[in-house]
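J.: Model the structure of this input:
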Amino acid sequence: MADQVTEYKCPACTGPLHFDAKLGKLKCDYCGSVYTPEEIEAIYKEKDEAAAAQGSQTQWANDTNQWTEEEAKHLRAYSCPSCGAQLICDENTVASSCPYCGNPTVVPAQFSGALKPDYVIPFLLDKDQAVAALQQYYRGKKLLPSAFAAKNHIEEIKGVYVPFWLFDGTADVHYQAHATRVSSYVQGDDQVTVTEHYRVVRDGDIVFEKVPVDGSSKMPDELMDAIEPFDYEAMVPFSSAYLPGYLADKYDQDSAASQKRAYDRMNNSAISTISASVAGYSSVAPEAENVDIQNGKSHYAFLPVWMLSTKYNGKNYLFAMNGETGKMIGDLPIDPGKTALWFCGVAGGLMALLAAMLLVKWG
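T.: Okay, the predicted model is just below:
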């Protein structure tokens, strides 16, 4: 793929292109022509090479992953004055509100100064599917305020490429526990109980690949954990051709700042995996759990998330949906009036049931 990007405009009519999740291709907003990311990059390859020959941008070093000047020239960063989120998009995108806090005033500025991702998982689910999933999420929520679903600006749901650091590593695990095995038998008139004591030791290596940690401080970690996993089979080398029509969050927590959380996840997973191999005992009491993570390496990736931030009675509610699998999570407000009626209904039902039981008993 080309390292530089000019303007992603339709070769047929020069209209703006956007990435269509259903088609898996870029589609023209005006004439409807469709192109694969590879076709668009091939079409503009000569322009990229000409720009490079003129020295208008610096080339990547092997692992620096910096945006080139030519790429940054055609991107925009939207700074939210409310929560401070910086969102990246192509120059044709006009943002109307921040997907994190719902603030309607976002200010466009020239984009620069961030690492270029190594990988991207393109959106598989489009906006219509995201809206339908959110509407389905509301259904059956009996305590949801009636006004909430009607006034939460559901159509403002936005596709955001969330920045993730993907960590590799090898965990050297040492596990030691005191275990017992209890058995009993009858001897004459006596019940004999035998308790055997064991020293259990487990040592091993566990290899981890692409353990995800989101690189945005605005994104609640528990929200991103809840919509995992992402299918890495769909991950491809990054191309700016996947960006048109979506926003992309600019990371504000670098790899070093995210490393501890990744290693904590590896540590917990390693202990859980190796302790699960200790089976067949009546009891197991861990005595030592040591994990040494080595050969750490990180990759930078954009992963697809549909997001909606909305306010109700002065409180923010944030929804997130995995743009690849459709897994959704979010907080919902509770209507106090409906809650009171529900408790009254439950209490009334229990009292009626109790009265019926008393009539049966004493009738």
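J.: so where do the helices sit in the stretch 51-200 of the chain?
T.: Along the stretch 51-200 of the chain, the stretches classed as helices by DSSP state H, counting those that start in this stretch are 69-73, 127-138, 146-151.
J.: Which elements pack onto the second one?
T.: Packed against helix 127-138 by the contact rule (3 or more CB pairs under 8 Å, 6 or more residues apart in numbering; DSSP states H and E) you find strand 283-312, strand 315-322, strand 328-330. No exception for glycine: its C-beta is placed from N, CA and C like everyone else's.
J.: rerun at 7 Å
T.: Applying 3 or more CB pairs under 7 Å, 6 or more residues apart in numbering; DSSP states H and E, one finds that helix 127-138 contacts strand 315-322.
J.: ok, residues contacting stretch 270-285?
T.: If you take CB atoms under 7 Å, 6 or more residues apart in numbering as the criterion, stretch 270-285 is touched by 171, 173, 175, 177-182, 198, 200, 202, 204, 206, 286, 289, 291.
J.: Quick check on these: which are buried?
T.: Using 16 or more other CB atoms under 10 Å as the burial test, those include 171, 173, 175, 177, 179, 200, 206, 289, 291 as buried.
J.: quick one on the thing from earlier: out of the helices of the stretch 51-200 of the chain, which gets the lowest mean score?
T.: The minimum mean pLDDT among the helices of the stretch 51-200 of the chain belongs to helix 146-151 (a mean of 67).
J.: Geometric centre of this protein: which residue is closest?
T.: residue 224 (3.9 Å; CA atoms, centre = their mean).
J.: Quick check: that residue is in a helix.
T.: Yes. Using DSSP: H, G, I helix; E, B strand; the rest coil, the assignment for residue 224 is a helix.
J.: these two touch, right, it and residue 216?
T.: No. In this structure residue 224 lies outside contact range of residue 216 using CB atoms under 7 Å: 8.7 Å.
J.: ok, now which ones touch residue 265?
T.: So, once contact is read as CB under 7 Å, 6+ apart, residue 265 ends up touching residue 211.
J.: Phi, psi for it please.
T.: Torsion angles at residue 265 (phi, psi; degrees, to the nearest 10) stand at phi -70, psi -40.
J.: hmm, back to that, want to throw the helices of the stretch 51-200 of the chain into JSON lines with distance to residue 265 and mean neighbour count?
T.: Formatted as JSON lines, the helices of the stretch 51-200 of the chain follow (distance: least, CB to CB, whole Å; neighbours: other CB atoms under 10 Å):
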{"stretch": "helix 69-73", "distance to residue 265": "32", "mean neighbour count": "18"}
{"stretch": "helix 127-138", "distance to residue 265": "27", "mean neighbour count": "16"}
{"stretch": "helix 146-151", "distance to residue 265": "34", "mean neighbour count": "13"}
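J.: among the ones you listed, which is nearest residue 329?
T.: When these are compared by CB to CB, helix 127-138 sits nearest residue 329, at 9.2 Å.
J.: what angle separates the closest one from strand 283-312?
T.: Calculated by axes from the mean of the first three to the mean of the last three CA atoms, to 10 degrees, helix 127-138 forms an angle of 110 degrees with strand 283-312.
J.: still on that earlier bit, out of the buried ones among the contacts of stretch 270-285, the closest to residue 188 would be?
T.: Distances from residue 188 to the buried ones among the contacts of stretch 270-285, taken by CB to CB, are shortest for residue 179, at 29.9 Å.
J.: surely that closest one meets residue 201?
T.: No. Look at residue 179 against residue 201 with CB under 7 Å: they stay out of range, at 10.6 Å.
J.: The buried ones among the contacts of stretch 270-285 in strands, which ones?
T.: 171, 173, 175, 177, 179, 200, 206, 289, 291 (DSSP state E).
J.: If the first one is in a bridge, with which residues?
T.: On the basis of DSSP bridges, residue 171 takes part in beta bridges with residue 206, residue 293.
J.: mind checking how far it is from residue 191?
T.: 45 Å (CB to CB, to the nearest Å).
J.: Same question for the last one.
T.: From residue 291 over to residue 191 the distance is 43 Å, taken as CB to CB.
J.: Measure how buried residue 122 is and give me the count.
T.: Neighbourhood size, residue 122 [other CB atoms under 10 Å]: 23.
J.: Then the one 4 residues further on?
T.: Residues contacting residue 126 under the criterion other CB under 10 Å number 17.
J.: Ok, residue 33 next?
T.: Neighbours of residue 33 using other CB under 10 Å come to 15.
J.: mind listing what it touches?
T.: Taking CB under 7 Å, 6+ apart as the criterion, residue 33 is in contact with 10, 12.
J.: Mind doing that once more with 8 Å?
T.: Contact analysis of residue 33 by CB atoms under 8 Å, 6 or more residues apart in numbering lists 10-13, 27.
J.: partner residues bridging the closest residue to residue 118 other than its chain neighbours?
T.: Distance criterion CB to CB, 6 or more residues apart in numbering; nearest residue to residue 118, sequence neighbours excluded, is residue 299 at 4.7 Å. Bridge pairing for residue 299 (DSSP bridges) gives the partners residue 166.
J.: Residue 285 too?
T.: Residues in beta-bridge contact with residue 285 (DSSP bridges): residue 178.
J.: circling back to that earlier point, tell me which of the helices of the stretch 51-200 of the chain sits nearest to residue 98.
T.: Across those, closest to residue 98 is helix 127-138 (CB to CB), at 17.2 Å.
J.: How about residues contacting that closest one?
T.: Under the contact criterion CB under 8 Å, 6+ apart, helix 127-138 has outside partners 21, 125, 144, 149, 154-155, 157, 159, 306, 308, 319, 321, 323, 326, 328, 330, 332.
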